[in-house]
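Enquirer: Okay, here's the prediction I keep looking at, along with the sequence it came from:
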Amino acid sequence: MTEHSHDHAHGITNRTRLVAAIAIVAVFLVVEVVGALLSGSLALLADSGHMFSDLLGLVVALIALGIAARPATDRQTFGYQRAEVFGALINGVLLAAIAVFVGVQGVIRLFEGGDSHVASLPMLLVAAAGLVANIAVMFVLRGGAATSINMRGAYLEVLGDLIGSIAAIIAAVIILTTGFVQADAIASLLIAVLIVPRAITLLRDVFHVLSEATPRGTDVEQIRQHILETEGVIAVHDVHVWAITSGAPVFSAHVVVESALFEGGGTGRLLDQLSGCLSGHFDVEHSTFQLEPAEHADHEDQFHR
């Protein structure tokens, strides 16, 4: 099997995993929302919001698989990879809104005290079903998590939701055995607190990409030094590193080279060396270099970095 057909087979497998996971989460999301309304449990409603975020994340992951295969066009010269970033933005905003809503409602429930009514048995049954659904989805996604960063992100989203289901189960058991209905509000506040870090992380990552900041883990000075150590290179300036989407860094730079390379036809070999260096040492597949003779660089008016 060729490398291309092997990747294609992996793509089909991962797509099948995601479709199965989406079906499971969608069914149990409806069950959990209905259960929350029937039981009056805010914790279940909070967990269903968490599960809705998981569903959105899985759909974004599925779309990302299709987007990755779409070729670039004259209007979308980098393709459609950034659609994943906008999906993450929507996800982050929804998560933040859910956390605020659940937090406010949880505090209100705490102040209401014993006036709140929660049907603990239906709450327990639905929360347990949600836990089973999360475990099932994790098993479905686990096979692709080791080979795809996209699948790994989806896997981790569902893994985080397990805690919300467990919190709802514990609250239901406490209410069932002791009648302490405030346990539902406390569980909902715990779930809201668990949602906040994910929302902040998503929104921070989106801002990082959209502001075209240097990708995390990328050392620009180290890249510059590698380029300068290449035979025939005199200087490097106007170095830029950014990301189209998570895991897709892009690099460009102006490289001043010895005149002999232009005269001897060695620029092609140098470009191969530079792009190979970026790909091999820094995992940057898309790099662009403008090669300049020293006399050209001397009269450039641009600000050099």
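Expert: Yep, it's here.

Enquirer: you'd agree P215 is in a strand?
Expert: No. Counting by DSSP: H, G, I helix; E, B strand; the rest coil, P215 is not part of a strand but coil.

Enquirer: Now it, what are its backbone angles?
Expert: Dihedral pair for P215: phi -60, psi 140, per degrees, to the nearest 10.

Enquirer: So it sits against P249, correct?
Expert: Yes. Assessed by CB atoms under 8 Å, P215 is found in contact with P249 at 4.8 Å. (Each C-beta comes from the backbone N, C-alpha and C, glycine too.)

Enquirer: what do those two both touch?
Expert: V241, W242, A243 (CB atoms under 8 Å, 6 or more residues apart in numbering).

Enquirer: ok, the residues you listed vs L189, which is closest?
Expert: A243 (35.3 Å; CB to CB).

Enquirer: Domain ranges for this protein, per the record?
Expert: Annotated domains of the chain cover 3-210, 220-298 [automatic domain parsing].

Enquirer: Tell me which of the ones you listed sits most buried.
Expert: Mean neighbours per residue, mean count of other CB atoms under 10 Å, is largest over the domains of the chain for domain 3-210, with a mean of 19.

Enquirer: can you give me the offset of that domain from its chain's centre?
Expert: Offset of domain 3-210 from its chain centre (CA atoms, centre = their mean, to the nearest Å): 13 Å.

Enquirer: Could you pull up the mean pLDDT of it?
Expert: On average, the pLDDT along domain 3-210 is 79.

Enquirer: Looking at this structure, which residue reaches furthest from the middle?
Expert: E263 (47.2 Å; CA atoms, centre = their mean).

Enquirer: how much space is there between that one and P293?
Expert: 9 Å (CB to CB, to the nearest Å).

Enquirer: which stretches of this structure form helices?
Expert: For the chain, applying DSSP state H gives helices covering 3-39, 42-68, 83-112, 120-145, 149-178, 182-210, 220-228, 259-263, 267-282, 294-298.

Enquirer: Those helices: which one's closest to T288?
Expert: Of these, nearest to T288 by CB to CB is helix 267-282, at 9.0 Å.
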